[in-house]
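Asker: Pasting the sequence and the predicted model now:
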Amino acid sequence: MAVSEITARAPVDGAMLARVAAETLQATGVTVEFFRADGSALGAAPGSPCDAATSRLVTEAEATGAFRVERHGRRFVAAWPIGRRGRVVLVATGTVEAVAGGRPQALLAAVARAVCAEFERQIARAESEASAEALAQSFEEISLLHNLGKVLRVTQPVSELLDRICIELRETIGAEAAAAYLPQVEGLGPERVIAGRLPFDADLLPRLVDHVLDSLGPEQTVVIINHCQEDPFLAGLSIALERLVLVPLPLREGVSGALVAVNRSPGEFGSPDAKLVRSLTASAAVFVENRRLYRDLHQLMLDLVRALASSIDAKDPYTCGHSERVAITSREIARHLGLSEQQIEWVYLAGLVHDIGKIGTPEHILRKEGRLDPEERQIVQRHPGVGGHILEGIRRLEPIRDAVVHHHERLDGSGYPDGLKGDAVPILARIIGLADAFDAMTSNRPYRPMMPLEHVRLEIERNVGTQFDVRAVDALFALDMSRLMSQFAERTTACTAPA
Amino acid sequence: MAPKILVVDDEAPIANVVAMKLRNAGFQVTVALDGVEAYESAKADRPDFLITDLQMPGMSGLELVARLAAELGDGIPTILLTAKGFELTGESLRELPIRRIMTKPFSPRELLAAVQEALGLSVSS
């Protein structure tokens, strides 16, 4: 039995045995040696020959599990088993010369008890240290996962979470670098996040991950390579990669990314490291999947709102694409004004549905060429309020209702439906009102052709302060018009020209 | 002489983990499993640093720190460990030599780094 096999069952090492032997000799004059059950020596003098009598004694002690002592001339030799959890782990022998007046047998028995007790103590200490070590590792893991839990928000980009995971992973296991790699997945761009300094060009990461993943056996959830230079592929890369621990991060059927920690000195990677990387990968996988689902849902909502918007535009071929253009223009104005990402998204959505209330306006009025009579005008002017009612109860769109209801208000109070004045007109409504007017002037309408941009500008500037918000107008004319037009073209290809 | 650290927690496994981590980093560590034991230990052999749990039966971590500060003149620099969500505020806290409050579950690695920092030792990676 090799020492390592013994230590697998009981954490002892040769140095500990040698120390026990030396201390016993000094204290009692008894020479202690340790043997495997087959009679070969352990510890103090590994491989030292064992005479036939001692060998027999060792075998007997192992077989009977009891203390044996014999006299060989002037020498007294004892053998006794040292057990752990009811199994004989090794056999110790004690040898002492008989001296006048001495009681060698009693001395050997006492030494046997003391050695067994010391062995117990040492093992207990080693086991307790190992438990504390394992517990400390678990504490690290719990604390890490706990902290990650606090920053997991589904609206947060995947890269931010991966960043955090890599930084914490690297610090916790003391690796030179930690990296996460996600190949291209629909709705989530390819991600490559690195903490620390990789001992190779980051562009190699995908190839390295693919190679290690290819070598993955079925059901295998972690790869530890402590001697990378023995792997022909990795050695062939000629990089200073010594060891790695890698856990695949499943994304979709057949598509995996990975979380990997590389190099640590001193110390090989072992199962506690693997466990930690696995836990982190599991968190990351759940987050990435939730994030994808969230994106899908968000996309679905956008598509539904767009479909709703086109159904309004379809009532009047002249206004085809109008809602999308107003939405895009509003978004760009808001962005230029430095509004928050949240408000930028809201103004876009509000732009898409600002005319939703026209669903209740008769088509003959919407399509009428020439001036509307007062009664018709009154009917048309109901559409912002109707739009507000339609949106009522769609919780996700609640923040944009005001913008829809008030997009025809004017700063001087002459607008509708409520005649709001100045600051009372919500900022998003002001932006949409401007974008709406801008699109009406830059498109062909039944009652007049498209106006040249310079005229549009003059017309709008003439109404700054009375109808339009000056900051919004400045933002609009600061936009790159040709870029705006190409954004329109991307989104509104499905329009058919009016007959 | 390695700095002496007294670790106090009524949860023995936590105290032992902290003690092991500190011993491995070269500190002399004494463990106490409640406030009273810690108080007696600190009076008998003044530690250079104290790490104590907050909520313990008998004498709380805060009482322990306050009593030692009152009786030993200069207080012993302390890291307080508390269970999640336990809010600590107030003037009394500012007068005590508490260097840091760490929330459980804490990272033993971070705790070690905090001790080394508080003692002005170079932080080993």
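Answerer: Yes, it's here. Residues are numbered from 1 along each chain as shown, chains lettered A, B, ... in the order given.
Asker: only C-alpha atoms for contact and neighbour calcs from this point on.
Answerer: Noted.
Asker: In three-state terms, label whichever residue of the stretch 201-350 of chain A sits closest to chain B for me.
Answerer: In the stretch 201-350 of chain A, the residue that lies nearest chain B is A:Ser265 (11.0 Å; C-alpha to the nearest C-alpha). Judged by DSSP: H, G, I helix; E, B strand; the rest coil, the three-state class of A:Ser265 is coil.
Asker: For burial, what's the neighbour tally of it?
Answerer: A:Ser265: 11 surrounding residues under other C-alpha atoms under 10 Å in any protein chain shown.
Asker: which parts of chain B sit against chain A?
Answerer: Listed as neighbours of chain A in chain B under the rule C-alpha under 8 Å from any C-alpha of the partner chain: B:13, B:16-18, B:20-21, B:104-109, B:125.
Asker: What about those, which are in helices?
Answerer: B:Pro13, B:Asn16, B:Val17, B:Val18, B:Met20, B:Lys21, B:Pro108, B:Arg109 (DSSP state H).
Asker: Below-threshold pLDDT in the stretch 301-450 of chain A: ranges please.
Answerer: Low-confidence segments of the stretch 301-450 of chain A (pLDDT under 70): A:445-449.
Asker: again, only using 50
Answerer: Applying pLDDT under 50 to the stretch 301-450 of chain A flags no residue at all.
Asker: ok, now chain B?
Answerer: B:125.
Asker: Let's see that with 70 instead.
Answerer: Low-confidence segments of chain B, defined by pLDDT under 70: B:84-92, B:122-125.
Asker: what about the strands in it?
Answerer: B:4-8, B:28-32, B:49-53, B:78-82, B:98-103 (DSSP state E).
Asker: again, but for the stretch 101-250 of chain A
Answerer: A:177-182, A:191-196, A:223-225, A:244-252 (DSSP state E, counting those that start in this stretch).
Asker: so of those strands, which one's packed in deepest?
Answerer: Most buried of those, by mean neighbour count (mean count of other C-alpha atoms under 10 Å in any protein chain shown): strand A:177-182, with a mean of 26.
Asker: Kindly calculate the angle that that one makes with strand A:191-196.
Answerer: 180 degrees (axes from the mean of the first three to the mean of the last three C-alpha atoms, to 10 degrees).
Asker: Do strand A:177-182 and chain B come into contact?
Answerer: No - residues of strand A:177-182 contacting chain B under C-alpha under 8 Å from any C-alpha: none, with a closest distance of 13.5 Å.
Asker: That strand - what's its average pLDDT?
Answerer: For strand A:177-182, mean pLDDT rounds to 93.
Asker: which residue ends up closest to the midpoint of chain B in space?
Answerer: B:Ile51 (1.0 Å; C-alpha atoms, centre = their mean).
Asker: got the contact list for that one?
Answerer: B:Ile5, B:Leu6, B:Val7, B:Val8, B:Thr78, B:Ile79, B:Leu80, B:Leu81 (C-alpha atoms under 8 Å, 6 or more residues apart in numbering or on different chains).
Asker: okay if I get the residues you listed as CSV plus distance to A:Pro399 and neighbour count?
Answerer: Formatted as CSV, the contacts of B:Ile51 follow (distance: C-alpha to C-alpha, whole Å; neighbours: other C-alpha atoms under 10 Å in any protein chain shown):
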residue, distance to A:Pro399, neighbour count
B:Ile5, 56, 24
B:Leu6, 56, 25
B:Val7, 53, 26
B:Val8, 52, 32
B:Thr78, 49, 24
B:Ile79, 46, 25
B:Leu80, 44, 21
B:Leu81, 43, 22
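Asker: Kindly present the ones in helices among the residues of chain B next to chain A as a markdown table, with separate columns for neighbour count.
Answerer: What follows is those, written out as a markdown table (neighbours: other C-alpha atoms under 10 Å in any protein chain shown):
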| residue | neighbour count |
| --- | --- |
| B:Pro13 | 14 |
| B:Asn16 | 26 |
| B:Val17 | 21 |
| B:Val18 | 27 |
| B:Met20 | 19 |
| B:Lys21 | 19 |
| B:Pro108 | 24 |
| B:Arg109 | 19 |
